[in-house]
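J.: Predicted coordinates and the sequence they were generated for:
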Amino acid sequence: MTQRKPLDLMQKWLVSQYWIRQDPPLTRASFAVLMRLLDRQNPKTGRCDPSAVGLAEETGFSERSIRGAFAELEERGALKRYRAARRSRNQFLVFSVEELRQNARLAELKMRGAKRVGMHPVAATPAIRCRSNLKRPAPETTKETKKKKENAERMNALSSTSRTKEHDQSSVHIGLGRF
C-alpha cells in the first residue's frame, strides 16, 4: 500500500460532501460503508483495514451488501482496495477530493487521447460489426432432423406420383395426336 498522509477531519468532511452531490448518487450501503471507512481510518498511519463482517455489524447491512458496496466504491473511484493474499484482510485507501478530481482529469485526458482528433475516418467499417453475421446456426435436434426427413420423403412421394400422372396423361395425349 502506498504511503501518504492520512486525511484530516476537514478532508473527510469534503469527501462526504463530494459523494453526496454526485449524480447518480451512491447507494445507501455504499455511502454508509464510505463513512465508516473514513471514521475507522487511523489518524497517525492512515491505515484502514476493517473486515466486511465488522462493517456489517456496525452499519446494520448484510455482509453481501458490504461486499457489493466495496465493489461499487472501487468502481466509482472513491477508494482503492488492496489484498496481500486471497485470505488476507482488506486494506483501503480512501481518496481525498483533490485526488478524485485529479483522477477524473486523467481519465478525461486518456479519453481525449484515444479519440482520433483531426484525422480522417477509417474507410472500411470495423469487422466487429460483421461478427454477428458469422454466428453458426444452432445444431439441430434429432426431432427436427426426423421431421425434415419425413417432410422430404412426403414431398418426394407426392412429386413422384404427380410426375407419373403427368407422364401417363402426356403419353396418352401425345399418342392420340399422332394416330
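T.: All right, it came through fine.
J.: Which strand or helix spans the spatially most central residue of the chain?
T.: Note on the chain: the residue nearest the mean C-alpha position is Glu75, at 12.4 Å, using CA atoms, centre = their mean. In this structure, Glu75 sits in helix 63-76 according to DSSP states H and E.
J.: And the strands in the chain?
T.: Using DSSP state E, the strands of the chain run over 79-82, 91-94.
J.: Can you name the residues in contact with the first one?
T.: Spelled out, that is strand 79-82. Met1, Leu34, Leu37, Phe70, Leu73, Glu74, Asn90, Gln91, Phe92, Leu93, Val94, Phe95 (CB atoms under 8 Å, 6 or more residues apart in numbering). For the C-beta atoms, the positions are set from N, CA and C on the backbone; glycine is no exception.
J.: Alpha carbons of that strand, in PDB - could you do that?
T.: This file holds the C-alpha atoms of strand 79-82, laid out as PDB (Å, rounded to 0.1, in the frame of the first residue of the first chain):
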ATOM      1  CA  LEU A  79     -11.300   4.100  -2.900                       C
ATOM      2  CA  LYS A  80      -8.700   1.600  -3.800                       C
ATOM      3  CA  ARG A  81      -8.700  -1.900  -2.200                       C
ATOM      4  CA  TYR A  82      -5.600  -3.900  -1.600                       C
END
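J.: So for it, what gets flagged as buried?
T.: Leu79 (16 or more other CB atoms under 10 Å).
J.: and if you look at the last one?
T.: For strand 91-94, a neighbour-count test (16+ other CB under 10 Å) marks Phe92, Leu93, Val94 as buried.
J.: State the distance from the spatially closest residue to the first one that is not a sequence neighbour to Leu34.
T.: The reference is to Phe92. Distance criterion CB to CB, 6 or more residues apart in numbering; nearest residue to Phe92, sequence neighbours excluded, is Cys48 at 4.6 Å. With the distance defined as CB to CB, to the nearest Å, Cys48 ends up 11 Å from Leu34.
J.: likewise Lys146?
T.: Distance of Lys146 to Leu34, given as CB to CB: 61 Å.
J.: next one: Asn103
T.: Asn103 is 16 Å from Leu34, by CB to CB.
J.: and if you look at Gly54?
T.: Plainly put, Gly54 is 15 Å away from Leu34 if you go by CB to CB.
J.: Neighbour count for those two, which is higher?
T.: More crowded of Gly54 and Leu34, by other CB atoms under 10 Å: Leu34, with 24 against 14.
J.: Pull up the per-residue confidence for the more buried one.
T.: pLDDT, Leu34: 93.
J.: just Arg105 next, same as before
T.: pLDDT recorded at Arg105 is 89.
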